[in-house]
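Peer 1: Task: produce atomic coordinates for the following.
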Amino acid sequence: MTAGRLATIPFFKEPGIELSTYETRCHWRRFDENEVLVDYDDISTDVYFLASGEVRILNRSQSGKEVILGEMRGGAFFGELAALDGIGRSANVTALTRGEVCVVPAPIFRQMIFASEAIADRLFRLLAKRVRELNTRLMEHALLDLRHRLYAELLRLSVPRAGGDGERVVTPPPYHHVLAARIGCRREQVTREFTVMAADGLIDRTRGALVIRRPDLLEARVAEALREDN
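Peer 2: Model (predicted):
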């Protein structure tokens, strides 16, 4: 049954329009771990709303080198760029876990945006946020060395540690090759930096988490590196 399920998607919360009009024109489907939901240059234009599960978004150079752009979990969505401009997919989206998506055809997605000021405003704000995030990462790649890019990425991935007195955690602990693909380097370089950080008491690996002991120091070092470049 799909009746009423669109309203469970955060993006469509309090839309100011009757969602039942669009329910039967969208479809829900489950996906498996490692399944490719969207690939580079696909000509499809559907928008995917994650009801559950986790996916990874990555890009690939002509030489085959992959750069991880990020991960998404339930409540997020992807594919909106192709729905808006009709151009082939700019990234690959692969499932990290099993899950379920609501697939909204591009014409329906556009109709909903134009019909609802609340939905349109939500989309504009999200696109603006993504542009700002990409600008930040572009600046980091252009101005920071490997060490400081790693600091910045760990801070971005982390959340405050409960009862940790200013500490932050990344859960689950990130694989070194995944971090390397996120910041544009080799796995061995990430491993060397982790060894130095552990020896300096900046990080600690516990069961199920990477603990950042001094996030304030990492933030200060990144800020200083950006100032020095300027």
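Peer 1: Can you report how many residues lie near the nearest residue to G75 once chain neighbours are set aside?
Peer 2: The shortest distance from G75 to any residue other than its chain neighbours is 4.8 Å, reached at P10 (CB to CB, 6 or more residues apart in numbering). For every residue, glycine as well, the C-beta is placed using N, CA and C. Here the count is done by other CB atoms under 10 Å, and P10 has 11 residues near it.
Peer 1: now swap in F78 and tell me
Peer 2: 20.
Peer 1: Which strands or helices does the longest helix anywhere in the chain pack on?
Peer 2: Counting residues, the longest helix in the chain under DSSP state H turns out to be helix 117-143. Helix 117-143 sits against helix 106-115, helix 146-157, helix 215-229, with contacts defined as 3 or more CB pairs under 8 Å, 6 or more residues apart in numbering; DSSP states H and E.
Peer 1: Would you mind getting the angle between that helix and helix 215-229?
Peer 2: With axes from the mean of the first three to the mean of the last three CA atoms, to 10 degrees applied, the angle from helix 117-143 to helix 215-229 works out at 70 degrees.
Peer 1: Tell me which residues of helix 117-143 come out buried.
Peer 2: 119, 122-123, 137, 140 (16 or more other CB atoms under 10 Å).
Peer 1: I'd like the helices and strands packed on helix 117-143 as CSV, with mean neighbour count, mean pLDDT and distance to V47 appended.
Peer 2: As requested, the helices and strands packed on helix 117-143 are exported to CSV (neighbours: other CB atoms under 10 Å; pLDDT from 0 to 100; distance: least, CB to CB, whole Å):
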stretch, mean neighbour count, mean pLDDT, distance to V47
helix 106-115, 17, 95, 5
helix 146-157, 20, 96, 25
helix 215-229, 14, 91, 34
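Peer 1: Can you tell me which of these is nearest to E18?
Peer 2: For E18, the closest of those is helix 106-115, at 9.3 Å, according to CB to CB.
Peer 1: tell me what the closest one is packed against?
Peer 2: Counting contacts by 3+ CB pairs under 8 Å, 6+ apart, the secondary-structure elements packed against helix 106-115 are helix 20-23, helix 80-85, helix 117-143.
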